[in-house]
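K.L.:
My questions are about this predicted structure, shown below with the sequence.
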Amino acid sequence: MASVEIIGLDRLLIRIKQIQDNLNPVVEAELKEMAEAIRDLAKIFVPIETGSLQKSIRLQSHTKSGGLHSIGVSAGGYVTNPKSGRMVDYAIHVEFGTSRMMPRPFMRPALDMCKRTVTKLIKEGLKK
């Protein structure tokens with residue numbers, strides 16, 4: 001059986017790790033900026049009755065094993081609706097509608113408005 005020797009593999013792996021370490025904070029900062037823009041637009045687009053759903057729109061970030069990061073925008077939960085006395089659990093129904101209610105999307109339009117900017121921000125971040 002033939003064997004292959006790769007010369008300089010150790011240096012290459014070290015360099016890849018350095019690039020990853022420098023890239024993660026840049027990409028993370030750009031994505032956070034974009035998520036903030038989506039959150040702010042969603043708060044503008046959301047229909048307001050009590051303001052509870054609007055207050056529930058927030059950023060959520062997670063660090064997973066292996067250093068992978070995710071950041072997103074969520075709606076619902078953690079805020080109590082003063083009318084019902086329950087946690088806001090109806091964001092999905094407002095966004096997509098029900099058999100008795102037409103959809104009143106607020107997240108999708110916010111995301112749609114930011115799609116082009118996401119790519120632009122990441123490209124600019126990579127150049128930095």
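P.N.:
Nice, thanks for sending it over.
K.L.:
just the helices in the protein please.
P.N.:
Secondary structure of the chain (DSSP state H): helices at 9-45, 52-56, 91-96, 107-127.
K.L.:
Could you list everything Arg58 pairs with in the sheet?
P.N.:
Assessed by DSSP bridges, Arg58 has beta-bridge partners Ser74.
K.L.:
State the pLDDT value of it.
P.N.:
Note on Arg58: pLDDT of 95.
K.L.:
wouldn't it be in contact with Gly76 here?
P.N.:
No: with contact defined as CB atoms under 8 Å, Arg58 and Gly76 do not form a contacting pair (9.7 Å). To be clear about C-beta, it is placed using only N, CA and C from the backbone, and glycine gets the same treatment.
K.L.:
on that earlier part again, got the helices of the chain as TSV, with distance to Asn81 columns?
P.N.:
Below are the helices of the chain laid out as TSV (distance: least, CB to CB, whole Å):
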stretch	distance to Asn81
helix 9-45	16
helix 52-56	4
helix 91-96	11
helix 107-127	18
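K.L.:
Which one of these lies nearest to Ser84?
P.N.:
helix 52-56 (8.8 Å; CB to CB).
K.L.:
which residues touch that closest one?
P.N.:
In this structure, residues lying in contact with helix 52-56 by CB atoms under 8 Å, 6 or more residues apart in numbering are 43, 46-48, 74-83, 88, 90-91, 94.
K.L.:
could I get it in PDB with only the CA atoms?
P.N.:
Extracted in PDB, the C-alpha atoms of helix 52-56 (Å, rounded to 0.1, in the frame of the first residue of the first chain):
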ATOM      1  CA  SER A  52     -46.700  42.700  24.500                       C
ATOM      2  CA  LEU A  53     -45.800  41.000  21.300                       C
ATOM      3  CA  GLN A  54     -43.600  43.900  20.300                       C
ATOM      4  CA  LYS A  55     -41.800  43.800  23.600                       C
ATOM      5  CA  SER A  56     -41.200  40.100  23.200                       C
END
